[in-house]
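Participant: Would you be able to build a 3D model of this:
(chains A and B)
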Amino acid sequence: MNYKKTLKFYVALWIAKLSSFALKILKRNATYFPGKVALSICPDFMGRLDKPKTIIGVTGTNGKTTTCNMINDILSQNGFDFINNKYGSNIDGGIATTLISGSTITGKAKKDLAVLEIDERSANKVYPYLTPTYLICTNLFRDSLMRNAHTEFIASILNKYIPKETIMIENADDIICSHVAEGNKKIYFGIDRLETDTEDCKNITRDIRVCPKCLSPIKYEYVRYHHIGKAYCPNCDYKCPDPDYHVTKLDLKNMQMTVKFKDEEEVYDLVNDNIINIYNMLAVIIVLKQLKLTQKQINDSFAKLKIVETRYSEENYKDYKIVTQLAKGMNPIACSIAFNYTKNEKGNKAVIIILDDLHEDAKGMENTSWHYDTDYEFLNDESIKQIIIAGPRYLDSYIRCLMADIPEEKLIHKKDLIEATSELKLDGIDKVFILHDLYSIEETKQIKQKVKEIIDKYTVEQK
Amino acid sequence: MKIEILYPEFCNINSDMGNIKYLKKCLPEAEFIETSINDVPAFIEEEISLVYMGTLSESAQEIVIQRLKPYKEKIEGAIEKNQLFLFTGNSVEVLGKYIEDENRKIEALGIFDVYAKRDMLHRHNSYFLGKYEDIEILGFKSQFTMLYGDNSNGYFATVDLGIGINENSKLEGIRKNNFIGTYIIGPILILNPLFTKKMLSLMGVKEPKLAFEKDVLESYEVKLKKFKTFTNFQM
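Facilitator: Just a heads-up that it's a prediction; the model follows:
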């Protein structure tokens, strides 16, 4: 649709710009409100605003923020001038705010490039007005059932609204994600079979179990996690596509991966060894290659990158390693991946879990159902010596741990975060994991401080 | 004792399998039969203590309707003979007259005199607090559909907080003999230990004991107290 700039559009633009200016003067966050105001005045505002020539979009259930952060950092380090919604919301209001900040007073785009994280649930409010040149879809899984309902629903709105001109960069190892926007030009990424892959799914949930075309049970050459792997229907042509870019060798010891495209192989340093971040890196490489960045440019930047501390951090403190890791509440897949990662880390571990609804608790309570799609069973491992559960949902997590057959004597459950953390026992422990929700960053810092105090005291006692 | 789970490959989208996981802990000796979409339901041919079906996607509803249609009379007969059923989330719609989806009308089994209306643009999320007989029931609802029709002669629970089968109803779910259908999603049996004991009794368990009974009861009491402070049922 050809949108023209109307008087209503200009009024919306100027009020949004004024509100942005005012918020900045007041030192308030101007990352959502200006766009929200513009959209309330002129609902098709984004369609009328001039956009950068190249738009990189990132969507999908898990990994959007990490992928965007990597793209943003690498582009910045290589001198690109662009707009992004790194500090803003990933729904329509936030995206409009980003575009407004990158536009002139007459609505012309100031930059030629944009990197936008786009919430998959907002597809109907974004894509009718904005055509990404490239759209990465990291994966599609069940997420908050209150917002996202189920993967079929999310895939259906993506299919309905993603513009036909957009080049999709999709995860070939995700049979749901790889079938989104069937008619579009696509670039697929994947990781070849790994030693850790299995014949059967070890997770509770798989978001696709039956072929949507012929209702035969989906089979796998190998399963990586949940429905990720090499899936196919034994009775029809429904299957995971072959990837264009694929990791042929994953060397976790030396933290490197070899990526093959056609007949060329390139080696990249890993930013992080979590499988989901390796997929994210692969998507980043592909989209940056479309912008003509070289292996050296990308890899030199990878060497400088770190996953942001709110997602993952590790610190050696005296004789212990303290790891903080995001285990996004109400997202059973993200939590299961975090649990599995914790289990697979070497050494003996104590785990502190605050997955719950600290923010929800103030106004009500979260829907606790998701705990039963989450693989607490991964925490039932010999190497995990103690599990401390805290926060408003401590009883729900405790019961779920019991249901996972985790011995009662390994479990501490208390509502108060610090009181619960005080029960940490360091005998025979090498690492302390703090698995926290997105909205518990401050609380995580307090817990980490308490862990350090316990380590200090224990170290003195041992001497 | 046999417990049948209908179509677990589809009917699992709202953590519904938590109910089965809990029943396995409560009834370690019981046999659990998973009936997949291409199988004949076991309760059609043999005695089953509980038939369970969980929430499913909209497209899966249509598939399940087609699969169950040949057994309509047998399902009606089983309900008349007091077969115990527990259908959670939108699975009860399969047994209604039809489902409206914009301009489409999807004919369902027509066992219950109710129909559903889908609104895929609006998801209803709410808390539920009500009473099944003398048992306080709590839970969560997340749905695109509402159910319409008169359930005053056969409902699962009265409503104290939240909605019944639709936004104007104060009667939740469908009940006929030992058929129980409720829009409460997820692990309702873990959230509601007193109701679970009642279900175990209906299944023929004498002096039912729950798995992790003390902890599950404590969690129930804490939630009950919290739910009673809510002034707004919408999440």
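
Participant: domain ranges for chain A?
Facilitator: Structural domains assigned to chain A are A:7-183+A:273-304, A:312-462, following automatic domain parsing.

Participant: Can you measure across the last one, start residue to end residue?
Facilitator: Across its full length, domain A:312-462 reaches 30 Å end to end, with Cα to Cα, to the nearest Å as the criterion.

Participant: same thing with stretch A:415-428?
Facilitator: 26 Å.

Participant: Could I get the average pLDDT for that stretch?
Facilitator: Averaged across stretch A:415-428, pLDDT comes to 97.

Participant: List the buried residues in that stretch.
Facilitator: Under the neighbour-count criterion of 16 or more other Cβ atoms under 10 Å in any protein chain shown, stretch A:415-428 has A:Leu417, A:Ala420, A:Thr421, A:Leu424, A:Leu426 buried. Where you see a C-beta, it was placed from the backbone N, CA and C, and this is true even at glycine.

Participant: Closest one to chain B out of those residues, please.
Facilitator: Checking the buried residues of stretch A:415-428 against chain B with Cβ to the nearest Cβ, the nearest one is A:Ala420 at 16.0 Å.

Participant: ok, the closest one - contacts?
Facilitator: Neighbour list for A:Ala420: A:Ile352, A:Ile388, A:Ile389, A:Ala390, A:Tyr394, A:Ile412, A:His413, A:Lys414 [criterion: Cβ atoms under 8 Å, 6 or more residues apart in numbering or on different chains].

Participant: out of these, which is most surrounded?
Facilitator: In terms of neighbours by other Cβ atoms under 10 Å in any protein chain shown, the contacts of A:Ala420 top out with A:Ile352 at 27 neighbours.

Participant: Name the residues linked to that residue by a beta bridge.
Facilitator: A:Ile388, A:Ile434 (DSSP bridges).

Participant: Could I get the full set of strands for the stretch 351-463 of chain A?
Facilitator: A:384-390, A:411-414, A:431-436 (DSSP state E, counting those that start in this stretch).

Participant: Helix or strand next in line after the helix or strand harbouring A:Ala283, which one?
Facilitator: Secondary structure assignment for A:Ala283, by DSSP states H and E: helix A:275-290. Next along the chain after helix A:275-290, taking DSSP H and E as the criterion, comes helix A:295-304.

Participant: If you compare the directions of that following helix and helix A:275-290, what angle comes out?
Facilitator: 140 degrees (axes from the mean of the first three to the mean of the last three Cα atoms, to 10 degrees).

Participant: From the rest of the structure, what touches the following helix or strand past helix A:295-304?
Facilitator: The helix or strand immediately downstream of helix A:295-304 is strand A:312-317, counting by DSSP H and E. Residues outside strand A:312-317 that contact it (Cβ under 8 Å, 6+ apart): A:Asn272, A:Asn274, A:Lys321, A:Ile322, A:Val323, A:Thr324, A:Gln325, A:Leu326, A:Val451, A:Lys452, A:Ile455.

Participant: Can you tell me the SS state at the fifth one?
Facilitator: When the structure is split into helix, strand and coil by DSSP: H, G, I helix; E, B strand; the rest coil, A:Val323 lands in strand.

Participant: Counting neighbours, what do you get for A:Ala283?
Facilitator: 26.

Participant: isn't it right up against A:Ala172?
Facilitator: No. With contact defined as Cβ atoms under 8 Å, A:Ala283 does not reach A:Ala172; the gap is 11.0 Å.

Participant: intersection of neighbour lists for the two?
Facilitator: A:Phe189.

Participant: Which parts of chain A are helices?
Facilitator: Using DSSP state H, the helices of chain A run over residues A:7-25, A:33-41, A:45-48, A:64-77, A:92-101, A:123-126, A:151-161, A:275-290, A:295-304, A:332-344, A:358-361, A:394-403, A:417-421, A:441-462.

Participant: any idea which of the ones you listed is most buried?
Facilitator: The highest average neighbour count among the helices of chain A, using mean count of other Cβ atoms under 10 Å in any protein chain shown, belongs to helix A:92-101 at a mean of 25.

Participant: now that one, how far from the centre of its chain.
Facilitator: Distance of helix A:92-101 from its chain centroid, counting by Cα atoms, centre = their mean, to the nearest Å, is 21 Å.

Participant: looking at the helices of chain A, which has the lowest confidence?
Facilitator: Taking the mean pLDDT of the helices of chain A, helix A:358-361 comes last: a mean of 64.

Participant: For the residue nearest in space to the middle of chain A, give its distance to B:Phe128.
Facilitator: What sits nearest the mean C-alpha location of chain A, by Cα atoms, centre = their mean, is A:Gly63, with 2.3 Å. Using Cβ to Cβ, to the nearest Å, one obtains 34 Å as the distance from A:Gly63 to B:Phe128.

Participant: Likewise for A:Ile15?
Facilitator: A:Ile15 is 42 Å from B:Phe128, by Cβ to Cβ.

Participant: got it, and A:Gln449?
Facilitator: For A:Gln449, the distance to B:Phe128 equals 40 Å [Cβ to Cβ].

Participant: OK, contacts around residue 179?
Facilitator: Since no chain was named, I'll use chain A. Taking Cβ under 8 Å, 6+ apart as the test, what A:His179 contacts is A:Ala155.

Participant: wrong one, chain B
Facilitator: Applying Cβ under 8 Å, 6+ apart, the residues contacting B:Phe179 are B:Ile79, B:Gln83, B:Leu84, B:Phe85, B:Phe87.

Participant: before we move on, which element is the first one in?
Facilitator: Taking DSSP H and E as the definition, one finds B:Ile79 inside helix B:72-80.

Participant: Which positions in that helix come out as buried?
Facilitator: B:Ile75, B:Glu76, B:Ala78, B:Ile79.

Participant: Against chain A, how distant is B:Lys74?
Facilitator: Look at B:Lys74 and chain A: by Cβ to the nearest Cβ, to the nearest Å, they are 22 Å apart.

Participant: need the residues of chain A near chain B, please.
Facilitator: A:142, A:145-147, A:149-150, A:152-153, A:204-205, A:209-210, A:212, A:215, A:217, A:332, A:364-365, A:367-373, A:395-396, A:398-399, A:402-403 (Cβ under 8 Å from any Cβ of the partner chain).

Participant: mind giving me a markdown table with the contacts of A:Ala420 and columns for distance to B:Gly162?
Facilitator: Output for the contacts of A:Ala420, formatted as a markdown table (distance: Cβ to Cβ, whole Å):
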| residue | distance to B:Gly162 |
| --- | --- |
| A:Ile352 | 34 |
| A:Ile388 | 34 |
| A:Ile389 | 28 |
| A:Ala390 | 29 |
| A:Tyr394 | 25 |
| A:Ile412 | 34 |
| A:His413 | 28 |
| A:Lys414 | 30 |
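
Participant: now, among those, which is nearest to B:Gly186?
Facilitator: Checking the contacts of A:Ala420 against B:Gly186 with Cβ to Cβ, the nearest one is A:Tyr394 at 18.5 Å.

Participant: Spatially, what comes nearest to the closest one if we skip its sequence neighbours?
Facilitator: Leaving aside its chain neighbours, A:Tyr394 sits nearest to A:His413 (4.8 Å; criterion: Cβ to Cβ, 6 or more residues apart in numbering or on different chains).

Participant: Please name the bridge partners of the one you found.
Facilitator: Where A:His413 sits in a bridge, its partners, by DSSP bridges, are A:Ile389.

Participant: distance between stretch A:51-60 and the chain's centre?
Facilitator: The answer for stretch A:51-60 is 17 Å, by Cα atoms, centre = their mean.

Participant: Repeat that for stretch A:55-65.
Facilitator: 8 Å.

Participant: ditto for stretch A:67-75
Facilitator: Distance, centroid of stretch A:67-75 to centroid of chain: 13 Å (Cα atoms, centre = their mean).

Participant: And stretch A:343-357, by the same measure?
Facilitator: 19 Å.

Participant: For it, C-alpha coordinates in CSV please.
Facilitator: In CSV, the C-alpha atoms belonging to stretch A:343-357 read as follows (Å, rounded to 0.1, in the frame of the first residue of the first chain):
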residue,chain,number,x,y,z
LYS,A,343,23.4,-29.8,34.4
ASN,A,344,25.9,-30.2,31.6
GLU,A,345,28.4,-27.7,33.1
LYS,A,346,31.4,-29.5,34.6
GLY,A,347,31.9,-29.8,38.3
ASN,A,348,29.6,-29.9,41.3
LYS,A,349,27.0,-27.3,41.5
ALA,A,350,24.6,-25.5,43.8
VAL,A,351,21.7,-23.9,42.0
ILE,A,352,19.6,-20.9,43.1
ILE,A,353,16.3,-20.5,41.3
ILE,A,354,14.2,-17.4,41.1
LEU,A,355,12.1,-18.0,38.1
ASP,A,356,9.0,-16.5,39.4
ASP,A,357,6.8,-13.5,39.1
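
Participant: That's all I had, so thanks and see you.
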